[in-house]
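Engineer: following is a predicted model, sequence given first.
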Amino acid sequence: MNKKFQKRYLRLQDLLSEYVKELNDLSHEDLNKSPGENSWSVAEVVYHISHAEKAIVQYIQKKLIKPEEAKRAGLKSMYKAILLRLALRSSRKFRAPKVLDNPQGPYEKDQLISEWKIIRATLGNTYDSVSQDHLGRQLFKHPVVGKINLYQTLGFMGDHMQRHLKQIRKIKKELNGSIG
């Protein structure tokens with residue numbers, strides 16, 4: 001894997017470890033308990049983030065069938081990726097894109113984690129398979145900002161995970177100050 005990509009991939013791995021730590025001390029009931037009406041449980045947040053990652057991997061794999069057909073990412077892609085990352089770092093709330101299915105718990109902790117680890121391994125293998133010639137191509141289409149390159153995609157994924165990690169910590173506090 002390209003060193004630049006590897007740094008961002010390792011950030012994703014570190015964040016996954018943080019998620020696992022946050023889930024470790026939760027009972028099945030607490031994991032699947034929503035803090036309020038129209039709010040996701042911790043399990044539903046984890047389901048959302050892991051399935052967003054799965055959709056990203058599937059999209060990239062599809063584009064890698066004929067990567068030479070994808071345009072090279074330029075300033076426009078960079079601008080869109082920066083706006084996306086800034087939005088994810090803000091406190092503004094967003095609805096999940098309609099391309100993702102809505103979480104419908106309850107979920108089992110071990111199953112959520114093991115499925116996510118499989119998705120993550122697939123992501124790593126997918127990135128390892130990309131030739132140097134195709135790294136700068138727009139091989140992912142975000143549902144809101146459009147096409148970005150693979151490096152920008154990894155940055156987005158890290159910010160997306162970080163945002164939802166904060167959400168999980170907030171949910172845990174709202175449910176019970178003594179959890180975690």
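Structural biologist: Perfect, I can see it now.
Engineer: which strands and helices sit next to the least confident helix or strand in the chain by mean pLDDT?
Structural biologist: For the chain, using mean pLDDT, DSSP states H and E, the weakest element among its helices and strands is helix 75-89, scoring a mean of 90. Counting by 3 or more CB pairs under 8 Å, 6 or more residues apart in numbering; DSSP states H and E, the packing neighbours recorded for helix 75-89 are strand 146-148, helix 150-175. (Each C-beta comes from the backbone N, C-alpha and C, glycine too.)
Engineer: all strands for the protein, in order.
Structural biologist: 140-142, 146-148 (DSSP state E).
Engineer: nearest to G105, of those strands?
Structural biologist: Nearest to G105, of all those, is strand 140-142, at 25.7 Å by CB to CB.
Engineer: and the closest one, average pLDDT?
Structural biologist: Throughout strand 140-142, pLDDT has a mean value of 93.
Engineer: that one - contacts with which helices or strands?
Structural biologist: So strand 140-142, by 3+ CB pairs under 8 Å, 6+ apart, packs with helix 42-63, strand 146-148, helix 150-175.
Engineer: partners of it in the sheet?
Structural biologist: Strand pairing for strand 140-142, determined by DSSP bridges: strand 146-148 (antiparallel).
Engineer: quick one: the partner strand to chain centroid distance?
Structural biologist: 16 Å (CA atoms, centre = their mean, to the nearest Å).
Engineer: got it, and stretch 96-116?
Structural biologist: Relative to its chain's centre, stretch 96-116 lies at 12 Å (CA atoms, centre = their mean).
Engineer: so which bits of that stretch are buried?
Structural biologist: 103, 105, 107, 109, 112-113, 115-116 (16 or more other CB atoms under 10 Å).
Engineer: need the contact list for R11.
Structural biologist: 154, 158 (CB atoms under 8 Å, 6 or more residues apart in numbering).
Engineer: and for I56?
Structural biologist: 123, 140, 153, 157.
Engineer: count the neighbours of the residue nearest to the last one when sequence neighbours are not counted for me.
Structural biologist: Nearest in space to M157, with sequence neighbours left out and distances taken as CB to CB, 6 or more residues apart in numbering, is L12 at 6.0 Å. For L12, the number of neighbouring residues by other CB atoms under 10 Å comes to 18.
Engineer: still on that earlier bit, can I get the buried residues of stretch 96-116 in a markdown table with distance to R85 and pLDDT?
Structural biologist: Converted to a markdown table, those look like this (distance: CB to CB, whole Å; pLDDT from 0 to 100):
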| residue | distance to R85 | pLDDT |
| --- | --- | --- |
| P103 | 24 | 87 |
| G105 | 29 | 82 |
| Y107 | 28 | 96 |
| K109 | 29 | 96 |
| L112 | 26 | 96 |
| I113 | 26 | 97 |
| E115 | 26 | 97 |
| W116 | 22 | 97 |
